[in-house]
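**Q** here is the input, now give the coordinates:
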Amino acid sequence: MKIEKLISAAAAVLALSLAAGLPAHAHDTADAGTVTQNFAAPIPNIPGKSLIAVEVEFAPGQVGAPHRHANSAFIYAYVVSGAIESKVDDEKVRIYRAGESWSERPGALHSVSRNVSETEPARLLAVFVVDSDDTELVKPIN
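**A** Residues are numbered from 1 along each chain as shown. Below you'll find the predicted structure:
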């Protein structure tokens, strides 16, 4: 599968995962957020691996659905703006503010991802190092 198709599929799956998120409180969240491809390329000195970056914008109060990522994916997440509450595997729930980051090991459970503000959007950059043929970057938890 060509990297362009992989990126399109990854962005679509990530967008669907975020759109399936639950509202932070009892009110509805009209804006399900957006996922925008930022960068994608095979890693020339690591055959079979690619670097994929997407920007994820959370609407005010938006909660992302619990999920795992591809078993081959190592992820670096950097908060560009706002504040995002996150919990990965057995780590404590933590709020990351603009300029802060975390990583996720391959196959990790991302059980909490939420914009802590009810009035301002939050944006993060997610960078994946992943097997080039791994097409399912986000795996929702049922």
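**Q** pLDDT score for the residue most central in space within the chain?
**A** A centroid search over the chain (Cα atoms, centre = their mean) returns A126, at 5.6 Å, as the residue closest to the centre. Looking at A126, its pLDDT is 95.
**Q** number of residues surrounding H69?
**A** H69 sits with 26 neighbouring residues when counted by other Cβ atoms under 10 Å. C-betas here are computed from N, CA, C, even on glycine.
**Q** which ones are touching it?
**A** Residues near H69 by Cβ atoms under 8 Å, 6 or more residues apart in numbering: 75, 104, 106-108, 110, 128, 137-139.
**Q** can you list the strands that the host helix or strand of I95 pairs with?
**A** Here I95, judged by DSSP states H and E, is contained in strand 94-97. Strand pairing for strand 94-97, using DSSP bridges, gives strand 83-88 (antiparallel).
**Q** can you map out the helices along the chain?
**A** For the chain, applying DSSP state H gives helices covering 3-19.
**Q** need the pLDDT of the residue sitting furthest away from the middle of it.
**A** In the chain, N45 marks the outermost C-alpha relative to the chain mean, sitting 25.3 Å out by Cα atoms, centre = their mean. For N45, the pLDDT comes out at 96.
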